[in-house]
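1. Mind folding the following:
(chains A and B)
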Amino acid sequence: MMLIFYKRAIKDIFDNRFLNIVTIITIAISILIASAFYLFFINANDIVSSWKKGIRLMVYLKPGTDEAGRIELKRRIKGVSGVQEAIFISKAEALAGLKEQMQRQASLFENLKENPLPDAFEVRMEPALQEEAAVEKVARRIESFAAVDEVEYGQLWFKRFTNIINLFRLTGYALGGLFFMAAVFIVANTIRIVLYSRREEVEIMRLVGAADGFIKTPFYIEGIILGALGGIIGLMTLLILFIFVVLNFQQSLAGGIFQLRFLPFGFTTGIVLGSMFVGWLGCYLSLKQFLKI
Amino acid sequence: MSEAIDKSALVRMFHVHKRYGAKKALVDASLDIFRNEFLFISGPSGAGKTTLLKLLYLGESITEGQVLLDGINLARIPSKNIPFLRRKLGIIFQDYKLIPTKTVFDNVALVLEARGRKRGLIRKKVNSVLRTVGMEDRSNALPPSLSGGEQQRIAVARAVVGDPKIILADEPTGSLDAESAKIILELLKGFHARGGTVIVATHDQELIRKARGRTIQLKEGRIVQS
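-> Prediction:
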C-alpha cells in the first residue's frame, strides 16, 4: 500500500514539476537564510567563549603606591571571590614589554624622560567565573580599593560585540519565524493547486470507496518530500558557501586562532525534520480546507 | 427473472424527501428494493432519478425520512463510515467518470487498491473483469483513446471488480449507440445473474423493455408507479 502512495506522490511531483521546483527552492532559501544566521551565531559565540577563557583584568595602581601598599592590595585582590591569581607588573617591566612589542617604533621611546606607565596587577579569573556580569562585579570591587586607579578589561568592546551577536540572534529568530510561515504558505498553496487539478480524480476515489487516508496520504508524502528536499538543498548550499568561506577567508576572519565550524549534526537533522514538518503542515492546512466531506 | 428474487429488502426508503433550497427534488418517496432485484427508475428529465441514486451512495444527504441500505441507516451514518458503505456499491455514470490520466487497468485497480488488497490479487481480479467486459487487450490504454461504449465497459468493470452487493447505474446507456448499449445491458444482466442487485436510472424505454425488471416511475420527485 505504501508503495502505491509513494508512486502517486512522486508522480504528482513530476506531473507538476515547475510548481514543485518553485516550492522546493522557496523552502531551500528559507532554510538557507535562517541557518546562515544560526551558523554565524554559533561561530560568533565560539569567538566570545575563546575570549572569555583568556579574560584578564588589568588593575592600574595610583602613582606613588609603595611596596607595602602593593602587598596589601595584592592580598585584598586575591581575597575577592572569583579571582584566581594576581601578578604584579612593575611599570619598568611594562615599559620593557612595550619596547619588546614595538621594536620597529623604538625611536618613540628614545626621548622618553620618565616612564609614563603605571604599576599594575594582571588579575586572572577562575574558569567558572567568566560571565560578563561576574567579571564586571569583580572589576568594580577591585576598583573600589583605595590604591587602585583604574580597572580595564575591554568591557566596552566586549559589550558591543555581545550586543551585535544578540541582535543577530533575534534577527535570526524573526527571519526564521517569517520564513517558516512563508514556506508553510507556499507548500499549502502548491498542494492546493495539485488538489484542484486532481479534484475529479479525488471525487472518483471517494465514489469507489476510498477512505480519507487513502486519498490524503500521497499528498502528505508529497508535502514531506518537498520539505525534506528543500531542507537538504538549503543546508547543502549553506555547506558549500561555508566551505568557500573557510577556504578563502578563515585566516582573516578568525585570525587563525580557532577553527570555524559548521552546524552541528543534531541541528542539521533538526532542520531537515523541521522542514519536513513544514511540508506536512502546509499539506494539512490545504487538505483540511479542500477535502471537507 | 422476478420469480427468483430473494424477497428480503436490501434497500428500504421511508418517506424520503430531498430539497435543494426551495426546490423539491424528491417528495415522500417510500420504496423497498429486494436482493437480486433488477430495478429500473424511470421518468422524464428532472423527475428525481439521479437524486434518488445519489441518496443511496450518499452523493447527497437526505433532507427528511430514512433510508436503510443493507441494514445501515444512511441518515445517521458517520462520515468516516461512508467509504465502507460505498464498498457495498458499484456505481456507473452516464459520463463514465474514469480518470483520464490512468490506464484502463489502473482505473479498475483503484477500487481494490483503496481497499488495501495485495498487488497479486489486484492483477488477477482486474484482468479477470477486463476479460469479462471484453477489454483485456486494452488494459494499457488511456480512457480518452477509447470510444464511449468502451469507456462504459471499463466503468462496468470498475463497478463490479469489488464484488458489490448493488450496482447503481445512472443512465448507463444514455450516450451510447444501440450496439454498445446492448453490451452494457448484457454485462448488467450477467452481474444480476450472479446474484447481484441492479438499480438503473434511465428514461431509455428500449433498455427497460429488454431487461424486463421491475420499474418505478418518478414524476416531479414523486413515485407515481411502482
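2. What's the first helix or strand after the helix ranked longest in chain B?
-> The helix spanning the most residues in chain B, taking DSSP state H as the definition, is helix B:178-193. On the C-terminal side of helix B:178-193, the nearest following helix or strand under DSSP states H and E is strand B:197-201.
3. Now for A:R192: which residues touch it?
-> A:R192 makes contacts with A:286, A:289-290, as judged by Cβ atoms under 8 Å, 6 or more residues apart in numbering or on different chains. The way it works is simple: take the backbone N, C-alpha and C, and place the C-beta from them, glycine included.
4. For chain B, state which of these is nearest.
-> A:F290 (15.4 Å; Cβ to the nearest Cβ).
5. So that closest one sits against A:L195, correct?
-> Yes - taking contacts as Cβ atoms under 8 Å, A:F290 lies within contact range of A:L195: 4.8 Å.
6. give me every residue that touches B:Q217.
-> Applying Cβ under 8 Å, 6+ apart to B:Q217 gives the contacts B:42-43, B:223-226.
7. Going by neighbour count, which of the residues you listed comes out on top?
-> In terms of neighbours by other Cβ atoms under 10 Å in any protein chain shown, the contacts of B:Q217 top out with B:G43 at 24 neighbours.
8. Now render the contacts of A:R192 as CSV, adding pLDDT and distance to B:R212.
-> Supplementary listing: the contacts of A:R192 in CSV, determined by pLDDT from 0 to 100; distance: Cβ to Cβ, whole Å:
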residue, pLDDT, distance to B:R212
A:S286, 89, 50
A:Q289, 82, 49
A:F290, 79, 45
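9. Just the buried subset of these, written out for ChimeraX, thanks.
-> Selecting the buried subset of the contacts of A:R192 in ChimeraX, with 16 or more other Cβ atoms under 10 Å in any protein chain shown as the burial test, is done by:
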select /A:286,290
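10. Keep only those of the contacts of A:R192 that are in helices.
-> For these, the ones inside helices are A:286, A:289-290, with DSSP H as the criterion.
11. Now stretch B:22-39 - C-alpha only, CSV.
-> Output of stretch B:22-39 as CSV, limited to C-alpha atoms (Å, rounded to 0.1, in the frame of the first residue of the first chain):
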residue,chain,number,x,y,z
ALA,B,22,-36.8,25.6,-2.1
LYS,B,23,-36.7,23.1,-4.9
LYS,B,24,-38.2,19.7,-4.1
ALA,B,25,-36.2,17.0,-5.9
LEU,B,26,-37.7,14.0,-4.1
VAL,B,27,-41.1,14.1,-2.3
ASP,B,28,-42.2,11.5,0.3
ALA,B,29,-40.6,8.6,-1.5
SER,B,30,-41.1,5.1,0.1
LEU,B,31,-39.7,2.1,-1.6
ASP,B,32,-38.3,-1.4,-0.9
ILE,B,33,-35.6,-2.8,-3.2
PHE,B,34,-35.0,-6.5,-2.8
ARG,B,35,-31.9,-8.6,-3.0
ASN,B,36,-31.1,-9.8,-6.5
GLU,B,37,-33.7,-7.5,-8.0
PHE,B,38,-33.2,-5.7,-11.4
LEU,B,39,-34.9,-2.4,-10.8
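12. angle of the longest strand seen in chain B against strand B:197-201?
-> When chain B is parsed with DSSP state E, its longest strand is strand B:6-20. Using axes from the mean of the first three to the mean of the last three Cα atoms, to 10 degrees, the interaxial angle of strand B:6-20 with respect to strand B:197-201 works out to 30 degrees.
13. Strand B:6-20 - what's its average pLDDT?
-> Looking at strand B:6-20 alone, the average pLDDT works out to 89.
14. What lies in contact with it?
-> When contacts are defined by Cβ under 8 Å, 6+ apart, strand B:6-20 is touched by residues B:24-37, B:48, B:51, B:55-56, B:60, B:62-70, B:165-166, B:197, B:199, B:221.
15. Let me see the mean pLDDT of whichever helix or strand comes after it.
-> Of the helices and strands lying after strand B:6-20 in sequence (DSSP H and E), the nearest is strand B:23-35. The average pLDDT within strand B:23-35 is 93.
16. what packs against strand B:23-35?
-> The criterion is 3 or more Cβ pairs under 8 Å, 6 or more residues apart in numbering or on different chains; DSSP states H and E, and the helices and strands that strand B:23-35 contacts are strand B:6-20, helix B:49-56, strand B:197-201, strand B:222-225.
17. Adjacent strands (with direction) for that strand?
-> Next to strand B:23-35 in the sheet, as set by DSSP bridges, lie strand B:6-20 (antiparallel).
18. Thought B:P143 was touching B:N107, still the case?
-> Yes - with contacts defined as Cβ under 8 Å, B:N107 counts as touching B:P143 at a distance of 6.7 Å.
19. Find the residues that touch each one of these two.
-> Overlap between the neighbourhoods of B:N107 and B:P143 consists of B:98-99, B:154, taking contacts as Cβ under 8 Å, 6+ apart.
20. What about chain A: which of these touch it?
-> Among these, proximity to chain A is found for B:98-99 (Cβ under 8 Å from any Cβ of the partner chain).
21. Could you look up the SS state of the residue positioned nearest the centre of chain B?
-> Within chain B, one residue has its C-alpha closest to the average C-alpha position: by Cα atoms, centre = their mean, that is B:L168, at 1.5 Å. Local secondary structure at B:L168 is given as strand here, using DSSP: H, G, I helix; E, B strand; the rest coil.
22. Run a quick neighbour tally on the nearest residue to A:K62 once chain neighbours are set aside.
-> Distance criterion Cβ to Cβ, 6 or more residues apart in numbering or on different chains; nearest residue to A:K62, sequence neighbours excluded, is A:D149 at 4.5 Å. Neighbour count for A:D149, taken as other Cβ under 10 Å: 14.
23. can you dump the C-alpha coordinates of the host helix or strand of A:D149 into CSV?
-> When secondary structure is defined using DSSP H and E, the element that contains A:D149 is strand A:148-152. What follows is the C-alpha trace of strand A:148-152 in CSV, where atoms were taken according to Å, rounded to 0.1, in the frame of the first residue of the first chain:
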residue,chain,number,x,y,z
VAL,A,148,43.6,51.3,42.5
ASP,A,149,43.4,54.0,39.8
GLU,A,150,41.6,52.1,37.1
VAL,A,151,40.5,48.6,36.2
GLU,A,152,40.3,47.7,32.5
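24. Residues contacting it, please?
-> The set of residues that contact strand A:148-152 without belonging to it, under Cβ under 8 Å, 6+ apart, is A:57-63, A:73, A:118, A:139-140, A:142-143.
25. cool, and stretch A:23-39?
-> With Cβ under 8 Å, 6+ apart as the contact definition, stretch A:23-39 has outside contacts at A:168-169, A:171-172, A:175-176, A:179-180, A:182-183, A:186-187, A:190, A:226-227, A:229-231, A:233-235, A:237-238, A:241-242, A:262-263, A:267, A:271, A:275, A:278-279.
26. which of the residues you listed come close to chain B?
-> Here nothing survives when these are matched to chain B using Cβ under 8 Å from any Cβ.
27. Generate the ChimeraX command that creates a selection of the buried members of these.
-> Under the burial definition 16+ other Cβ under 10 Å, those of those that qualify are selected in ChimeraX by:
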select /A:169,172,176,179,180,183,186,187,190,226,227,229,230,231,233,234,235,237,238,242,262,263,267,271,275,278,279
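28. In helices only, show me the contacts of stretch A:23-39.
-> Here DSSP H is the test, and the contacts of stretch A:23-39 give A:168-169, A:171-172, A:175-176, A:179-180, A:182-183, A:186-187, A:190, A:226-227, A:229-231, A:233-235, A:237-238, A:241-242, A:267, A:271, A:275, A:278-279 as lying in helices.
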